[in-house]
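In: what would the 3D arrangement of this be:
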Amino acid sequence: MAVDPFITLDNITVRIADQWVIHGLSWQISAGQNWVIWGANGAGKSTLAMALLGQAAVVQGRIHRHYEANAPQGNASLSMALVSFDQHQALYQQQMWLDEMAHFSGRLEMNTAVSEVLGIQTDGERTHRAEILHLLGLETLLAKAVKVLSAGEMRKLLIGRALLKQPRLLILDEPFNGLDAASQRQLRKILDQLGKTEIQMVLITHRPAEIPTTFTHLLHLENGSIRWQGPIQNFFEKRAPMTMSLNPVIPSHQGPLNAKQAQDNSDLTPLIQMRDVCVRYGPHQVLTGISWTVQTGENWALVGPNGAGKSTLLKLITGDNLQGYANELILFGRPKGSGENVWQIKQQIGYVADDLQLRYQKKMSGFDVVCSGFFDSVGLYRRCSDTQKQTARMWLEKTGTQDLAPQLFSKLSFGQQRMVLIVRAMVKTPRLLILDEPCNGLDAANRQRLLDMLEVIGRSQATSLLYVSHRPDEMPACITHQLHLEAGRMKKTISA
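Out: Numbering: from 1, shown residues only. As a prediction, the model looks like this:
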């Protein structure tokens, strides 16, 4: 039985700036099919999604959207929607601009609520809106300020906003990133339910366990070209294991870079001391009564559901949340607000998280991003010494990311950007390395490479880890303690 075509890509070539990313690709999505796009970091998955949306330059070939032919003109259901890191980035930048305007005008209480981002619906759409809010568990977040959402809550908001458009084609680029286990199960259930509607979906993921049963076909990309396409069960049943000949050379030891750091890192003063710490935004209590100590040599995992307060706790430590000055917080032996220089604190901390990646939009090379880690700046405004450049090159080689160094950071894939930021965090051999969902966006090979590297770092005496993840299988074996947060409160601490 013949199936009507939905979208056909006819020998397309896609260019991003001066880089050719997709090469002579032909692919057809038939009516009723939901596809997974699979491939390693930098394979061209996100670029292909942007081409489907008409937001990337197709310089050769053509995209045929067959479903448009017989549709009533102006039908809103013909829209396409995307959920991706770029969408998160755009919303983040908008909130940063609004914050600047609020401070300039003196209206510090002005915040954008989740309900405003979702938009006001007409009477005819209210039932659909209520269903989406219920499916995603967004009802309790409607009054919450967007700027205080956790990464997982932000992901739910973006998915909800996309579904409210009632799109014909919904593209989901790593939608499970940042979601806790319960939310991951919930999202898979939601996507399976959507598979029974007229909405067709394209999912980009690196993890087979994330793929809902409603997805029927898979497209495997490699270096911008199709390596395989067909029914999804055939791919996972017959394919050879995807092994990449990365052979990374992981440091056999993680020593300090100079004598001063060797002396500093031998200090047995607790790295972090919190006593009855609380954080509140208006009526919303984010953290309540947190008393916690991290000793030198300990490696902590910070766990808990979305919205538990994990990211807020990290921002108190990095100095990105000013409420740290209103609490009893001691970092590296110095009480917060005792006259310490914020840059002196940051110099002892390496940090990798989605919000840091969101801020890196300056036109600079991967190598310059790595070098900015010496100065804890978003952007490189000082000249590096020859020793610092040599150290940066050493870490790039040790992690197998030297090929990313000359490329523009903004043109790298999400996973490639994440690897560069991890190298940036390590160049100064920090006393504390904070990693908030560091495996987000990484393919299987790069995830294993990262975990191997963290295992070596975590077993050294130079750097302690503070690691956040919702995935037990991505927890480094060197973790010695665990802090469990729930609803902004300490539920329990565990020693390994």
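
In: with adjacent residues omitted, what lies nearest to residue 46?
Out: Nearest residue to residue 46, sequence neighbours excluded (C-beta to C-beta, 6 or more residues apart in numbering): residue 173, at 5.7 Å. For the C-beta atoms, the positions are set from N, CA and C on the backbone; glycine is no exception.

In: is that neighbour in a bridge, and if so with what?
Out: For residue 173, the beta-bridge assignment (DSSP bridges) gives partners residue 204.

In: show me where the stretch 351-496 of the chain has helices.
Out: Listed from the start of the chain, the stretch 351-496 of the chain has helices (DSSP state H, counting those that start in this stretch) covering 354-359, 366-372, 386-398, 414-426, 444-458.

In: of all those helices, which lies closest to residue 208?
Out: Closest approach to residue 208 among those is made by helix 444-458 (9.4 Å; C-beta to C-beta).

In: buried set for that closest one?
Out: By neighbour count with 16 or more other C-beta atoms under 10 Å, helix 444-458 contains the buried residues 444-451, 453-458.

In: follow-up on the earlier one: wait, which of the helices of the stretch 351-496 of the chain is closest to residue 60?
Out: Ranking these by proximity to residue 60 (C-beta to C-beta) places helix 414-426 first, at 24.8 Å.

In: low pLDDT regions in the stretch 101-250 of the chain?
Out: By pLDDT under 70, the weakly predicted segments of the stretch 101-250 of the chain are 102-110, 120-125, 238-250.

In: residue 273: which of the helices of the stretch 351-496 of the chain is closest?
Out: For the helices of the stretch 351-496 of the chain, the distance to residue 273 is smallest for helix 444-458, at 21.0 Å, taking C-beta to C-beta.

In: pLDDT of that closest one, averaged?
Out: When the per-residue pLDDT values of helix 444-458 are averaged, the result is 88.

In: give the contact list for the residue nearest to residue 46.
Out: With contacts taken as C-beta atoms under 8 Å, 6 or more residues apart in numbering, residue 173 has the following neighbours: 45-46, 49, 82-86, 204.

In: which one of those residues is nearest to residue 355?
Out: If you rank the contacts of residue 173 by distance to residue 355 using C-beta to C-beta, residue 85 comes first, at 11.6 Å.

In: gap between the closest one and residue 114?
Out: 19 Å (C-beta to C-beta, to the nearest Å).

In: with residue 424 instead?
Out: Relative to residue 114, and taking C-beta to C-beta, residue 424 is found at 32 Å.

In: tell me which of those two has more neighbours.
Out: Summary of the neighbour comparison: residue 424 and residue 114, criterion other C-beta atoms under 10 Å, with residue 424 having more neighbours (25 against 22).

In: just the pLDDT for the more buried one.
Out: Reported pLDDT at residue 424 in the predicted model: 93.

In: that one against residue 375, yeah?
Out: No - with the criterion set as C-beta atoms under 8 Å, residue 424 and residue 375 do not qualify as a contacting pair; they are 10.5 Å apart.

In: and stretch 316-328, how far out from the chain middle?
Out: Averaged C-alpha coordinates place stretch 316-328 at 23 Å from its chain's average position (C-alpha atoms, centre = their mean, to the nearest Å).

In: neighbouring contacts of that stretch?
Out: Contacts with stretch 316-328, where a contact means C-beta under 8 Å, 6+ apart, come from 272, 274-280, 312, 315, 329, 331, 335-337, 342, 345-346, 349, 351, 355, 432, 434, 466.

In: change it to 6 Å
Out: By C-beta atoms under 6 Å, 6 or more residues apart in numbering, the list of residues contacting stretch 316-328 from outside reads 275, 277, 279, 315, 336-337, 342, 345, 351.
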